[in-house]
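Colleague: Here is my input, please return the structure:
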Amino acid sequence: MSSESVKETRRNVIKKLGIATGGLIGVAAGGLVVGGAGAYFAREPEVSSLRGKVDAVTLQSFTNVLAQNTRGDRLAFLSSLSQAKVVNGVAHGMDMEGGFRFNPDKREAEGGGGYVHVNLASPVPPIDFGKWEVKKLVSYTRQSPPAIWGRIEASVVDIEINLLPEFGPVAGQVIPASLRCACNIAFLGPAGFTGQSEGFQLTIPGTPFGTFAPFDVPTAPGFPFPFIPLGLLNITIAG
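Modeller: A predicted model of the protein is given here:
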């Protein structure tokens with residue numbers, strides 16, 4: 001059903017009950033139906049019928065919006081901290097921020113941001129820091145059925161990236177890595193949970209942070225909220 005046909009259906013529902021088109025509809029106590037052109041008293045069966053018909057049209061309209069928006073571009077935004085295992089006595093942590101656009105159908109992805117690699121036991125100064133850039137989209141997994149809240153979509157996206165360190169022992173190098181971003185929607189309950197922890201997982205092949213100790217604990221608690229994850233991640237349907 002197109003947006004125009006949805007509007008026309010709404011007009012017909014309203015006309016049948018004697019309300020002029022183009023106004024907002026409200027149902028007050030006692031069966032008073034208020035429209036843009038005035039108000040009249042309706043019997044309760046009429047009011048119930050009106051509620052049901054308008055709700056049905058609204059649901060169809062919402063379904064159409066979802067169908068249109070679940071195709072095309074996505075935007076991923078992250079500002080989050082993940083930690084790895086302790087390696088050689090160092091509690092490694094990776095803070096990443098940035099964003100990227102991707103299109104699952106066209107297999108496109110572009111974007112990037114910054115990162116700071118730290119010893120969580122002594123985060124100042126950092127071990128290294130720099131930028132990261134997207135190389136390519138690997139995969140995108142949505143909830144089935146889709147779990148969408150506004151434009152936020154519960155889903156997981158995997159991309160290949162390059163780390164571009166500007167400070168530290170590997171400054172100036174180009175370091176290939178794999179980045180997984182997971183977006184859960186707590187407001188939707190179990191339907192909005194992807195099975196992955198909210199945040200990111202970073203794997204750097206050829207280093208201790210490959211399969212041995214990837215940055216795969218994205219829900220690191222922090223002061224002053226020891227039970228709340230540090231950071232957030234959203235995957236949003238582009239307009």
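
Colleague: in the chain, which segments are predicted with low confidence?
Modeller: Applying pLDDT under 70 to the chain picks out residues 1-71, 219-231, 239.

Colleague: and with 50 instead?
Modeller: Residues of the chain meeting the criterion pLDDT under 50: 6, 9-10, 13-42, 47, 50, 58, 61-63, 220, 223-228.

Colleague: check contacts around F215.
Modeller: S82, Q83, A84, H92, G93, M94, F200, Q201, L202, T203, F209 (C-beta atoms under 8 Å, 6 or more residues apart in numbering). In short, each C-beta sits where N, CA and C put it, glycine included.

Colleague: out of those residues, who has the most neighbours?
Modeller: Per-residue neighbour counts (other C-beta atoms under 10 Å) across those peak at M94, which has 27 neighbours.

Colleague: I figured that residue was touching N119, is that so?
Modeller: No: counting by C-beta atoms under 8 Å, M94 sits too far from N119 to count as a contact (11.2 Å).

Colleague: Show me what the host helix or strand of V86 is packed against.
Modeller: If you go by DSSP states H and E, V86 is part of strand 74-87. The helices and strands touching strand 74-87, judged by 3 or more C-beta pairs under 8 Å, 6 or more residues apart in numbering; DSSP states H and E, are strand 90-103, strand 155-167, strand 175-183, strand 199-203, strand 231-237.

Colleague: Go through the third one and flag the buried ones.
Modeller: By neighbour count with 16 or more other C-beta atoms under 10 Å, strand 175-183 contains the buried residues I175, A177, S178, L179, R180, C181, A182, C183.

Colleague: thinking again about what came up before, list the buried residues for the strand holding V86?
Modeller: Buried residues in strand 74-87, counted by 16+ other C-beta under 10 Å: R74, L75, A76, F77, L78, S79, S80, L81, S82, Q83, A84.
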